[in-house]
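**Q** when you get a sec, could you give me coordinates for this:
(one chain, ligands or ions: 3)
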Amino acid sequence: MTALTLSTSSAAALRADAVVVGVAKGAKSPVVAAGAEAVDKAFGGKLAAVLETLGATGAEGEVTKLPAASGLKAPVVLAVGLGEVPAKGDGYDAETLRRAAGAAARALSGSKKGAFALPIEDPAGATAVAEGALLGAYTYDKSNGNGGNAKDKDKKNNGPLAEVALVGGKPRDKAYKAAVERATALVAEINRARDLINTPSNLLNPAAFAAEAVAAAKEHGLKTEVLDEKALKKGGYGGILGVGQGSEAPPRLVRIAYTHPKAEKTLALVGKGITYDSGGISLKPAGHNETMKCDMSGAAAVFAAVVTAAKLGLRVNLTGWLALAENMPSGSATRPGDVLSMYGGKTVEVLNTDAEGRLVLADAITRAGEEKPDAIVDVATLTGAMVLALGNRTFGIMTNDEAFRTTLHEIAGEVGEQSWPMPLPDHLRKGIDSPVADLANMGERMGGGLVAGIFLKEFVADGITWGHLDIAGPAFNESGPFGYTPKGGTGAAVRTLVRLAERTAEGDLG
Ligand code: BES
Ligand code: MN
Ligand code: ZN
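**A** Ligands and ions are numbered 1, 2, ... in the order given. I've put the predicted structure just below:
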């Protein structure tokens with residue numbers, strides 16, 4: 001991954017391929033942001049005027065590259081738009097800095113080193129710029145996916161910006177150091193999640209995903225337990241088995257646990273890990289299945305969050321549950337109308353084999369609840385309905401506890417993830433009644449995202465606080481990159497989960 005350092009040099013003296021400065025939208029003309037003083041000086045105090053002449057406005061995400069003036073060690077200045085100048089006394093908010101740093105890092109893809117001289121006022125600002133730059137620098141190495149021919153250079157992209165130097169922080173200050181270390185640890189895991197999501201389904205089946213988890217766990221001193229198809233059968237995991245039984249690649253349930261000796265709380269995180277969702281016998285039509293390698297994004301997010309917590313040594317116990325299966329049609333696949341006996345004994349009539357996420361999650365949520373955690377949060381690319389409701393950049397939050405819903409929404413906002421609280425209306429419950437089983441896996445079409453949430457709620461043990469994040473919209477970016485968000489897997493929800501773990505460790509859940 002891209003390396004990150006806090007530099008002691010000034011933006012003018014630093015050797016780099018480009019020096020990144022911020023430019024904002026002033027009342028009439030663009031305004032150069034704080035942090036760029038040395039660069040502006042090299043331009044004789046006329047950097048804003050030069051940028052305006054080049055057509056820069058300071059609009060968010062805008063990138064303007066210009067040759068550096070003499071006196072600067074870097075040959076190129078890259079001015080990135082910050083949007084409106086903040087009100088007097090206010091600094092730029094963290095998400096603005098994160099996005100700007102991300103856009104700049106993307107524009108420097110293939111370069112060796114970028115010096116980021118953005119307006120950093122405090123350690124939080126440094127974290128934001130660090131996260132944005134490292135997230136924006138991410139590229140998926142296609143050589144993993146072209147049949148293993150890593151030498152085929154034509155199929156490779158430029159590769160990420162290799163090194164980010166942050167200018168304007170305080171390299172010897174503990175808080176700055178910690179801020180940058182946190183960002184580095186977190187983004188490494190988000191980028192690992194992105195790699196897993198982007199890996200084609202023929203190269204990442206449930207067993208391969210489980211092996212990745214076991215390998216990472218070894219490296220970071222985490223405990224893992226992998227239930228293979230035999231163990232799942234023995235344990236009665238009818239949901240996971242029912243979804244996976246049509247595939248040549250058998251399902252897995254992975255438990256990956258981080259514990260801290262002084263932890264007072266335990267969180268269980270449950271991730272939907274459908275390594276490919278064809279829909280099964282209720283086959284998805286063309287146009288709806290091309291991106292379904294992304295259907296394990298919830299499990300990838302959970303995996304990333306647990307490893308990050310371990311790297312940061314958070315004072316909390318975090319247990320990740322990865323419910324891994326491939327949903328395929330075949331002679332052995334579950335049929336619409338079949339009844340599954342779920343883990344814990346409830347029965348479910350499968351009316352639509354494409355509503356498979358809730359089936360694997362139900363088993364994992366029930367299993368997670370047996371350990372009596374203080375809270376369970378599941379993360380899933382669960383419904384197209386949530387995408388219709390909230391669009392491509394916002395995940396839905398559903399819970400069995402209103403205060404927890406508010407807390408999750410606040411936490412997401414704190415770390416710059418867009419989310420929205422959604423209800424679980426009681427009247428939708430009767431829609432999933434079944435004449436032949438305890439429940440059906442499908443109900444009313446209207447409010448389908450909420451119906452899925454109501455289904456999951458049935459599997460949460462009494463007395464346990466539960467949250468459900470439907471990330472079907474933001475998990476995978478099918479359009480062009482923006483800010484720090486690449487095309488493809490985004491790593492949605494990882495930052496929210498890590499912040500939730502931090503807040504739990506701090507004993508501060510609002
Ligand atoms: N994995 C899909 C949901 C999805 C849709 C994720 C778009 C990402 C982008 C899920 O398994 C699914 O197929 N859900 C069905 C449920 C329906 C059959 C009740 C849906 O949303 O159409
Ligand atoms: Mn599906
Ligand atoms: Zn799915």
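
**Q** which positions in the stretch 201-350 of the chain make contact with ligand 1?
**A** 277, 295 (CB under 6 Å from any ligand atom). Where you see a C-beta, it was placed from the backbone N, CA and C, and this is true even at glycine.

**Q** what segments of the stretch 201-350 of the chain are helices?
**A** 206-220, 229-235, 238-244, 297-312 (DSSP state H, counting those that start in this stretch).

**Q** and for the stretch 51-200 of the chain?
**A** For the stretch 51-200 of the chain, the helices defined by DSSP H, counting those that start in this stretch occupy 94-107, 123-137, 174-198.

**Q** how about the contacts made by the closest residue to ligand 2 within the stretch 151-300 of the chain?
**A** Closest approach between the stretch 151-300 of the chain and ligand 2, counting by CB to the ion: D277, at 4.4 Å. Residues counted as contacts of D277 (CB atoms under 8 Å, 6 or more residues apart in numbering) are 284, 289, 292, 295, 327, 354, 356-357.

**Q** and if you look at R429?
**A** I454.

**Q** measure it to P421 for me?
**A** 19 Å (CB to CB, to the nearest Å).

**Q** for P206, same thing?
**A** Taken as CB to CB, the span from P206 to P421 is 32 Å.

**Q** how about A305?
**A** Applying CB to CB to A305 and P421 gives a distance of 21 Å.

**Q** more neighbours: which of those two?
**A** Each of A305 and P421 has its neighbours counted (other CB atoms under 10 Å); A305 has more, 31 against 13.

**Q** host element of the closest residue to that one other than its chain neighbours?
**A** Nearest non-adjacent residue to A305, counting by CB to CB, 6 or more residues apart in numbering: L497, 3.7 Å away. Per DSSP states H and E: L497 is located in helix 494-505.

**Q** likewise V387?
**A** In the assignment (DSSP H and E), V387 maps to helix 384-390.

**Q** give the partner strands of the next helix or strand after that helix in its sheet and their orientations.
**A** Using DSSP H and E, the helix or strand that directly follows helix 384-390 along the chain is strand 395-399. Its sheet considered, strand 395-399 pairs with strand 419-421 (parallel), strand 465-470 (antiparallel) by DSSP bridges.

**Q** who touches the first one?
**A** In this case it means strand 419-421. Contacts of strand 419-421 (CB under 8 Å, 6+ apart): 390, 394-398, 405-406, 408-409, 412-413, 469, 496.

**Q** got a list of what R255 touches?
**A** 223-227, 319-321.

**Q** select from those every entry located in strands.
**A** Among those, DSSP state E puts 223-227, 319-321 in strands.

**Q** now a PyMOL select for only the buried ones of those.
**A** Selection of buried members from the ones in strands among the contacts of R255 for PyMOL, criterion 16 or more other CB atoms under 10 Å:
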select buried, resi 224+226+227+319+320+321
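
**Q** can I have stretch 170-179 written out in CSV, keeping just the CAs?
**A** Only the C-alpha atoms of stretch 170-179 are listed here, as CSV (Å, rounded to 0.1, in the frame of the first residue of the first chain):
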residue,chain,number,x,y,z
LYS,A,170,3.4,18.3,13.9
PRO,A,171,5.5,15.1,13.3
ARG,A,172,6.8,15.1,16.9
ASP,A,173,3.4,15.5,18.5
LYS,A,174,1.9,12.3,20.0
ALA,A,175,-1.6,13.1,18.9
TYR,A,176,-0.5,13.7,15.3
LYS,A,177,1.5,10.5,15.3
ALA,A,178,-1.4,8.5,16.6
ALA,A,179,-3.8,10.1,14.1
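
**Q** hmm, back to that, pLDDT and distance to V76 for the contacts of R255 - can I get that in TSV?
**A** Listed next are those as TSV, based on pLDDT from 0 to 100; distance: CB to CB, whole Å:
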residue	pLDDT	distance to V76
K223	98	48
T224	98	46
E225	98	51
V226	98	49
L227	99	53
T319	98	47
G320	99	43
W321	99	47
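
**Q** and those residues, which is closest to ligand 1?
**A** Within the contacts of R255, proximity to ligand 1 (CB to the nearest ligand atom) peaks at W321, which comes in at 17.9 Å.

**Q** what's the burial count for E121?
**A** Neighbours of E121 using other CB under 10 Å come to 14.

**Q** list the residues that contact the closest residue in space to it that isn't next to it in sequence.
**A** Of all residues not flanking E121 in the chain, G91 sits nearest, at 4.8 Å (CB to CB, 6+ apart). Residues in contact with G91 (CB under 8 Å, 6+ apart) are 119, 121-122, 125.

**Q** can you tell me the closest non-neighbouring residue to the residue in the chain that ligand 2 sits nearest to?
**A** Residue of the chain nearest ligand 2, by CB to the ion: D354 (3.9 Å). Once flanking residues are discounted, D354 sits nearest to G279: 3.9 Å by CB to CB, 6+ apart.

**Q** who in the stretch 301-450 of the chain is up against ligand 3?
**A** Counting by CB under 5 Å from the ion, the stretch 301-450 of the chain comes close to ligand 3 at G357.

**Q** wait, what's in contact with the residue of the stretch 301-450 of the chain at minimum distance from ligand 3?
**A** The nearest approach of the stretch 301-450 of the chain to ligand 3 comes at G357, 4.4 Å away (CB to the ion). Counting by CB under 8 Å, 6+ apart, G357 touches 272, 274, 277, 295, 380-383, 452.

**Q** pLDDT and distance to D462 for those - can I get that in a markdown table?
**A** Output for the contacts of G357, formatted as a markdown table (pLDDT from 0 to 100; distance: CB to CB, whole Å):
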| residue | pLDDT | distance to D462 |
| --- | --- | --- |
| K272 | 99 | 23 |
| I274 | 99 | 28 |
| D277 | 98 | 31 |
| D295 | 99 | 30 |
| A380 | 99 | 22 |
| T381 | 99 | 28 |
| L382 | 99 | 23 |
| T383 | 98 | 25 |
| A452 | 99 | 21 |
